[in-house]
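Quick one, what's the 3D model for this:
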Amino acid sequence: MKLTKKRIVLACVAAAAAGVAVSAIASSPATELTPVPSANTKSAGYAPASVLSRELEQIAVAQGSTRLENPSAAVAYYGYDNDVLGPGGQPVMVPTPATPVEAQKTEPDKNTYLVFKNGLSGGTPGANYGTRFLFQGHEAGSPGYITRINLDADGAHRVTLLATSDKNGNPLPVFDGSTWEPWAQRLLFTAERGNAGGVWAATLDVPSVVEDVSGALGRGGYEGIQDDSDGNIWIVEDVGGSNKPGTTARRPNSFVFRYVPAKPGDLHNGKLQALQVLRAGTPITFESQAPLASPDQVALHTYGTSFPTRWVTVHDTATDGNAPFDANALAKAKQATPFKRPENGVFRPNSKFEEFVFTETGDTNATSPENDCCGGWTAVLRLEQSSPSADTGTLSLVYKGNQAHAGFDNLSFLSKDLLAVVEDAGDTLHTQRNALDSGFVLDVTADYSNPANEPLRWLAEGRDPSATIDAGNGGFGKNDQDNEITGIHVSDGDPTTNGILGTKTPHPWEPSGQWRVFYTQQHGDNPTYEVVRPEK
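Now for the predicted structure:
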């Protein structure tokens, strides 16, 4: 029988489930991955190394202790605030008997890779920054800030501080998601801060001119953000709901939004819409999902089912003005459909932006009674429409998680069908299942209702010594503990409209090196890695 890409992946998946190593047999590097058989375990004082598929290795392009080329009084290093300084005037990165506290770790988050053939200026006049750049917002600390990793530069100019305040002098919030908006020629950063969150637009300058554009795009616990080919901006919200009475199951409380600008690139005039899912002709709402294991939630997380969708307008600047507004509250009032922490979403390559895939991180607690029925472990959902601007579509389940595959967060396509997803299971679930986070590959054409099919593990994340110290000391009251995988990002860096993720089929790890793969290991030492093929 001829081995197609799909059969190769499913063969690897089945072997992974059986704990069998698989030889590399495939027609593209994205399918040549030997599965990592298990996650790293978690125990006190144990700092295991990360394990990748044997066809891959990772290289740190920056880490928390990398000094910024243009430091400020508040921020002098890539991953640390200057809130606690040691005798030498540097942030305390590891506690000592004399200084038993740590500086705030700022947690660089989602990655955006761009290539500019004529280069960009930096913080040092005359310095050579090359042409390839990785942009990030930081998720913790004060103030929030934006950095740029200059991938072609030397160590002294490796990381540039772009901004700590907006154009009006207000301190920036901490950021989670990011993307490049090619029509506006702006970087977009999202703040996951509930009704104080939103979207900020930043220029490429040093210093960057940063503007709060939440008057059109709304305020919410925004995380994932992505353009489509029509110039619309898709936003995935992550606002954890309250617990259902007497349980650790969280009430679905977060929405998928679409901003439709008056014209592509207009970040001040347009409509914000929220996705509404219908079951038997009736909207699935915040109220309908209030009961434990509600029929609506069970139906959404049942393989083989699909549901009609439509977009409902929650705000229109033409009639509602440009004052910032609570998008989550308006979505509830308009009977849009909330999900169980849908953190990030991407368009399937070469689908003409007609397929949008997003994750539900879930409850991240092994005791949730909604784990098996309702996306409590995690889920991956797919929205299909006739065009990116269509008013209606269909929603279906791609994958429903289990204890070994839980807390899916960031995601990025490796090919037309293969989707890289990474866990953010959190310290509680790490302890409950005695397993740290992993990165997986899903085939979006596979039938995961068949228990023989499981995602392929390409990364078993370890725990660096700094995170292990934090885990043993409660983060010293300020820092997160176990390491987390975030910002998985596959891109060729094309800054034109033809480079919007989803336009082209990715080809990572091929000899041309055009497509590159990055992720950030948050917490602890906060390194950002490029994932590459080992040199032979």
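
Give me the pLDDT value at the nearest residue to residue 428 once chain neighbours are set aside.
Distance criterion C-beta to C-beta, 6 or more residues apart in numbering; nearest residue to residue 428, sequence neighbours excluded, is residue 365 at 5.8 Å. All C-beta atoms are positioned from the backbone trio N, CA, C, and that covers glycine. With respect to pLDDT, residue 365 scores 98.

Would you mind giving the secondary structure of residue 365?
For residue 365, the assignment made with DSSP: H, G, I helix; E, B strand; the rest coil gives coil.

Show the contacting residues for it.
248, 376, 428-429, 432 (C-beta atoms under 8 Å, 6 or more residues apart in numbering).

Okay, now the unreliable bits of the protein?
1-31, 536 (pLDDT under 70).

Dig out what residue 250 forms beta bridges with.
Note on residue 250: beta-bridge partners by DSSP bridges are residue 243.

Now do the contacts for it.
Counted by C-beta under 8 Å, 6+ apart, residue 250 has contacts 240-244, 340-341, 363, 368.

So the residue nearest to the spatial centre of the chain, which state does it fall into?
Per C-alpha atoms, centre = their mean, the C-alpha nearest to the average position across the chain is that of residue 410, at 3.2 Å. State at residue 410, reduced to three classes by three-state DSSP: strand.

Pretty sure it sits against residue 110.
Yes. Counting by C-beta atoms under 8 Å, residue 110 is a contact partner of residue 410 at 6.7 Å.

Mutual contacts of these two, please.
Both residue 410 and residue 110 are in contact with 344, 486-487, 489, where contact means C-beta under 8 Å, 6+ apart.

how about a markdown table for the residues you listed, with distance to residue 85, secondary structure and neighbour count added?
Formatted as a markdown table, these follow (distance: C-beta to C-beta, whole Å; DSSP: H, G, I helix; E, B strand; the rest coil; neighbours: other C-beta atoms under 10 Å):
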| residue | distance to residue 85 | secondary structure | neighbour count |
| --- | --- | --- | --- |
| 344 | 35 | coil | 27 |
| 486 | 27 | strand | 28 |
| 487 | 28 | strand | 27 |
| 489 | 33 | strand | 26 |
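
Over to residue 87. Which of the three states is it?
coil.

Residue 68 versus that one, what's the distance?
Using C-beta to C-beta, to the nearest Å, residue 87 is found at 21 Å from residue 68.

Quick check: residue 535 vs residue 510, distance?
To residue 510, residue 535 is 14 Å away according to C-beta to C-beta.

The two: who's more crowded?
Taking other C-beta atoms under 10 Å, residue 535 and residue 510 do not tie; residue 510 has more neighbours (13 against 5).

so is the more buried one in a helix, a strand, or just coil?
Once three-state DSSP is applied, residue 510 turns out coil.

can you pull up the bridge partners for residue 138?
Taking DSSP bridges as the rule, residue 138 bridges to residue 108.

returning to that earlier point: list the contacts for the residue nearest to the centre of the chain?
Contacts for residue 410 (C-beta under 8 Å, 6+ apart) come out as 110, 343-344, 359, 421-422, 424, 485-489, 519.

Spatially, what comes nearest to it if we skip its sequence neighbours?
residue 488 (4.7 Å).

what's near enough to touch that neighbour?
Contact partners of residue 488, counting by C-beta under 8 Å, 6+ apart, are 410-412, 420-422, 439, 517-519.

Please name the strands paired to the strand or helix carrying it in the sheet, noting orientation.
In the assignment (DSSP states H and E), residue 488 maps to strand 484-491. Take DSSP bridges as the rule and strand 484-491 pairs in its sheet with strand 516-522 (antiparallel).

Residues in contact with the strand it pairs with: which ones?
Under C-beta under 8 Å, 6+ apart, the answer for strand 516-522 is 50, 61, 107-111, 113, 134, 136, 139, 410, 412, 414, 420, 422, 439, 461, 464, 480, 483-493, 508-509, 526-532.

Buried only: go through those residues for me.
Neighbour-count burial (16 or more other C-beta atoms under 10 Å) is assigned, among the contacts of strand 516-522, to 50, 61, 107-111, 113, 134, 136, 139, 410, 412, 414, 420, 422, 439, 461, 464, 480, 483-493, 508-509, 526-531.

ok, which stretches of the stretch 151-300 of the chain are strands?
Counting by DSSP state E, counting those that start in this stretch, the stretch 151-300 of the chain has strands at residues 159-163, 178-181, 186-191, 198-202, 210-212, 222-227, 233-237, 256-261, 270-279, 282-283.

now the ones you listed as JSON lines including distance to residue 296?
JSON lines is the format used below for those (distance: least, C-beta to C-beta, whole Å):
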{"stretch": "strand 159-163", "distance to residue 296": "42"}
{"stretch": "strand 178-181", "distance to residue 296": "31"}
{"stretch": "strand 186-191", "distance to residue 296": "27"}
{"stretch": "strand 198-202", "distance to residue 296": "29"}
{"stretch": "strand 210-212", "distance to residue 296": "35"}
{"stretch": "strand 222-227", "distance to residue 296": "23"}
{"stretch": "strand 233-237", "distance to residue 296": "19"}
{"stretch": "strand 256-261", "distance to residue 296": "16"}
{"stretch": "strand 270-279", "distance to residue 296": "6"}
{"stretch": "strand 282-283", "distance to residue 296": "9"}
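
Could you export those to TSV, including columns for mean neighbour count and distance to residue 127?
As requested, these are exported to TSV (neighbours: other C-beta atoms under 10 Å; distance: least, C-beta to C-beta, whole Å):
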stretch	mean neighbour count	distance to residue 127
strand 159-163	25	10
strand 178-181	22	23
strand 186-191	26	21
strand 198-202	25	21
strand 210-212	21	23
strand 222-227	27	30
strand 233-237	27	33
strand 256-261	23	36
strand 270-279	22	39
strand 282-283	14	55
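
in this protein, which spans are helices?
Taking DSSP state H to define them, one finds helices in the chain at 5-17, 214-217, 295-300, 317-320, 327-333, 371-374, 426-433, 465-472.

now for the ones you listed, which one comes closest to residue 224?
In terms of C-beta to C-beta, the element of those nearest to residue 224 is helix 214-217, at 13.2 Å.

surely residue 436 meets residue 459?
No. In this structure, residue 436 is not within contact of residue 459 by C-beta under 8 Å, at 10.4 Å.

Neighbour count for the two, which is higher?
Counted by other C-beta under 10 Å, residue 436 and residue 459 do not tie: residue 459 has more neighbours, with 28 against 25.

between the contacts of residue 488, which is nearest residue 206?
Set against residue 206, the nearest of those by C-beta to C-beta is residue 518 (21.2 Å).

Which strand residues bridge the closest one?
What pairs with residue 518, by the bridge criterion (DSSP bridges), is residue 489, residue 530.

any idea how far residue 447 is from residue 524?
In this view, residue 447 and residue 524 are 38 Å apart by C-beta to C-beta.

ok, the two, which is more surrounded?
The neighbour comparison of residue 447 against residue 524 (other C-beta under 10 Å) goes to residue 524, with 28 against 11.

Contact partners for the residue nearest to that one when sequence neighbours are not counted?
Distance criterion C-beta to C-beta, 6+ apart; nearest residue to residue 524, sequence neighbours excluded, is residue 467 at 3.0 Å. With contact set as C-beta under 8 Å, 6+ apart, residue 467 has these partners: 47, 481-483, 523-525.

would TSV of those with distance to residue 275 be doable?
Listed next are the contacts of residue 467 as TSV, based on distance: C-beta to C-beta, whole Å:
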residue	distance to residue 275
47	42
481	34
482	32
483	32
523	31
524	36
525	38
